[in-house]
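1. Coordinates only, no sequence provided:
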């Protein structure tokens, strides 16, 4: 649907969760925000463009908000359909977006060596299927740039790290719309029926909190993420505060759990014990807390509140006062 003038929301699913991609239809160029999983250009994007009288050739530029399979997995398909389309992303995310193996090594399988946590073979195959073929990025953004879409319509590129180091959000000053990707995540991902489906999956805690603060400082009238209902006016601030409160709650629960563990706890043990207290998503989704809770452990170590115990992996953590 065209939910504000010239900004189209292309709806699909990733698993059971909503996937919302955005096409900005300017008079000078068309900009596609994220390409979904590998099949999604053929399954979602190109059919929608045809519905509004456009073709793949009208995608002049792709802006990947960040390095995740449901946001850049369709890059190769878009480039294959329109070789003139420029593939772009945040500078820090470029190596992962260009190469599925690098994405696997540095993102999805980043917790095996130190924590013994990894996807099974079926999960690995599903991830690579969604990531699609390697696709070079044409150029990158660092934040602070603008892009002229024609007819006086100029959008702003904002760097919003936390879920990834190079995460981008796009602001349309004309309508006050911020297209956030996964930059802020509230306290839960909902499924297509509105039921809890997945925990937040940010990675870098301090950066994530700074992004929340930064977005609060901007004149946002409408916040449009890739997996959440559109937020308008007062709902924007409520969603940002909900995102912050989840982070604070996670810190509190980790510290409280470690206070009960004189010999420390591993990341896996913290996921199993803290997960049910953090949210009401299905228990089968708790392993996905590996991203956020690993970020919290790194954050708490750097803050001097906990210590990573030396020894054979998996790493164990204890309160600083017990070290």
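-> Great, that's in hand. Values in this document were obtained by computation on a predicted structure and should not be read as measured data.

2. Now the element after the biggest helix by length in the chain, going C-ward?
-> With secondary structure taken from DSSP state H, the chain has its longest helix at helix 234-259. Next helix or strand after helix 234-259 toward the C-terminus (DSSP states H and E): strand 265-266.

3. Any idea how far whichever helix or strand comes after that following strand is from the middle of the chain?
-> Next helix or strand after strand 265-266 toward the C-terminus (DSSP H and E): helix 267-278. Mean-position distance between helix 267-278 and its chain equals 21 Å (CA atoms, centre = their mean, to the nearest Å).

4. Next, the angle from helix 267-278 to helix 234-259.
-> 130 degrees (axes from the mean of the first three to the mean of the last three CA atoms, to 10 degrees).

5. tell me the centre residue of this structure?
-> residue 182 (3.5 Å; CA atoms, centre = their mean).

6. so it makes contact with residue 69?
-> No - here residue 182 lies out of contact with residue 69, judged by CB atoms under 8 Å, at a distance of 11.9 Å. Glycine gets a C-beta too; all of them are placed from N, C-alpha and C.

7. count of neighbours near residue 283?
-> For residue 283, the count of nearby residues is 10 (other CB atoms under 10 Å).

8. Roughly how far does the closest residue to it other than its chain neighbours sit from residue 263?
-> Ranked by CB to CB, 6 or more residues apart in numbering and with sequence neighbours excluded, the top spatial neighbour of residue 283 is residue 276, at 7.2 Å. Using CB to CB, to the nearest Å, residue 276 is found at 22 Å from residue 263.

9. ok, now residue 273?
-> According to CB to CB, residue 273 and residue 263 sit 14 Å apart.

10. ok, these two, which is more surrounded?
-> More crowded of residue 273 and residue 263, by other CB under 10 Å: residue 273, with 17 against 8.

11. which residues does that one contact?
-> 257, 265 (CB atoms under 8 Å, 6 or more residues apart in numbering).

12. One more: the one 5 residues further on?
-> Taking CB under 8 Å, 6+ apart as the criterion, residue 278 is in contact with 199, 246, 249, 250, 253, 289.

13. So how do I select the buried members of these in PyMOL?
-> Buried residues within the contacts of residue 278, by 16 or more other CB atoms under 10 Å, are selected in PyMOL with:
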select buried, resi 199+246+250+253+289
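
14. thinking again about what came up before, report the contact partners of the residue nearest to the centre of the chain.
-> 65, 66, 68, 71, 163, 167, 201, 225, 226, 227.

15. Surely the last one is in a helix?
-> I take that to be residue 227. No - applying DSSP: H, G, I helix; E, B strand; the rest coil, one finds residue 227 to be coil, outside a helix.

16. ok, it touching residue 16?
-> No - counting by CB under 8 Å, residue 16 is not a contact partner of residue 227; they are 11.0 Å apart.

17. Who has more neighbours out of the two?
-> Remark: of residue 227 and residue 16, residue 227 carries more neighbours, 19 against 14, as counted by other CB under 10 Å.

18. Next one: that one relative to residue 40, how far apart?
-> Taking CB to CB, one finds residue 227 at 14 Å from residue 40.

19. again, but for residue 119
-> 21 Å.

20. Comparing these two, which residue is more hemmed in?
-> A count of neighbours by other CB under 10 Å puts residue 40 above the other of residue 119 and residue 40, at 26 against 17.

21. Please name the nearest non-neighbouring residue to that one.
-> Per CB to CB, 6+ apart, closest to residue 40 is residue 74, 4.8 Å.

22. so what's the one you found scoring on pLDDT?
-> In this model, residue 74 is scored at 98, pLDDT.

23. Was I right to think residue 2 contacts residue 8?
-> Yes - counting by CB under 8 Å, residue 2 touches residue 8, with 5.1 Å between them.

24. hey, what's in contact with both of those two?
-> residue 52.

25. ok, which stretches of the chain are helices?
-> Under DSSP H, the chain gives helices at 40, 46-51, 69-72, 75-81, 94-98, 100-103, 112-115, 121-131, 205-216, 234-259, 267-278, 290-302.
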